[in-house]
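Q: Sequence and predicted model, in that order:
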Amino acid sequence: MNKLTITALGFVTVILLMGGLGSARNTEVQEGRKPQDVYTLATNAKLGPVKFNHLDHITKNRAIDGKQIACVDCHHTAQPAAEALKHPPHKMAWPADRTVTLTAESLADASTPPVTICTDCHARADAKPKVLPEIPKLEETVLNNQQAFHRNCGSCHDAIAKTKETTAPTSKKCVGCHKKTAA
């Protein structure tokens, strides 16, 4: 058996174990119509990557008011610009002509624009954003991906920690989110 045949057999085995290429869940995730349950963020961070449990954040009552977190609490550009402007410092919608606010229900509608990921606008400090001409700024601070994540996630976790008991790490406990992997 040659190397190509072994590689092809390995690929077929992996696909079969995963439930096939055409599985509805896999297709929905790839098309942005169903979020993954867990995302790995900050893959190049010095303190290690962050495993973000998206499913927990969207299904459990994690908001400061004890309710579920709305999609636009994190995906702030996924609403019409007039709505985004009501929540400073956010100023824009993506796409700019967006007319519908992202919700679990609207995501299921194929006419709803796909969800852009944070790094599409808030790129790494040494990179150009995918959808904007430059990384957004707040006053003099460039909101690269590190700044955006730490401000958005950290401020929410800090606010929650002040109001109720929580296991959510605060912005002062970096290794609560960042986990170095064994080399």
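A: That came in fine, so what should we check first?

Q: List the buried residues for stretch 87-94?
A: Residues of stretch 87-94 classed as buried: His90, Met92, Ala93, Trp94 (neighbour count, 16 or more other CB atoms under 10 Å). From N, CA and C alone the C-beta is placed, and that goes for glycine too.

Q: which residues in this structure form strands?
A: 38-41, 50-53, 137-138, 141-142 (DSSP state E).

Q: Now do the helices for the protein: every range, in order, please.
A: Taking DSSP state H, the helices of the chain run over residues 3-18, 24-30, 54-59, 71-74, 81-84, 104-107, 118-121, 145-163.

Q: Worst mean pLDDT among those helices?
A: Lowest mean pLDDT within those: helix 3-18, at a mean of 36.

Q: before we move on, the earlier item: minimum distance to Leu102: which of the strands of the chain has it?
A: Leu102 lies closest to strand 38-41 among those, at 16.3 Å (CB to CB).

Q: Counting neighbours, what do you get for the closest residue to Leu102 other than its chain neighbours?
A: Counting by CB to CB, 6 or more residues apart in numbering, Ala78 is the residue found nearest to Leu102 once chain neighbours are left out, at 3.5 Å. For Ala78, the neighbour count with other CB atoms under 10 Å is 26.

Q: With Tyr39 instead?
A: Other residues close to Tyr39 by other CB under 10 Å number 15.

Q: Outline the domain layout of the chain.
A: Domain ranges of the chain: 1-30, 32-176, per automatic domain parsing.

Q: Nearest to Ala182, out of those?
A: Comparing the domains of the chain by CB to CB, domain 32-176 comes nearest, at 10.3 Å.

Q: picking up where we left off before, let me have the domains of the chain in JSON lines, adding distance to Ala182 as columns.
A: JSON lines is the format used below for the domains of the chain (distance: least, CB to CB, whole Å):
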{"stretch": "domain 1-30", "distance to Ala182": "24"}
{"stretch": "domain 32-176", "distance to Ala182": "10"}
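
Q: Pick the most deeply packed of the ones you listed.
A: Among those, domain 32-176 has the highest mean neighbour count (mean count of other CB atoms under 10 Å), at a mean of 15.

Q: chain center to it, what's the gap?
A: In this view, domain 32-176 has its centroid 6 Å away from the chain centroid, taken as CA atoms, centre = their mean, to the nearest Å.

Q: picking that back up, could you verify my assumption that the residue nearest to Leu102 touches Thr101?
A: Yes: using CB atoms under 8 Å, Ala78 is in contact with Thr101, at 7.0 Å.
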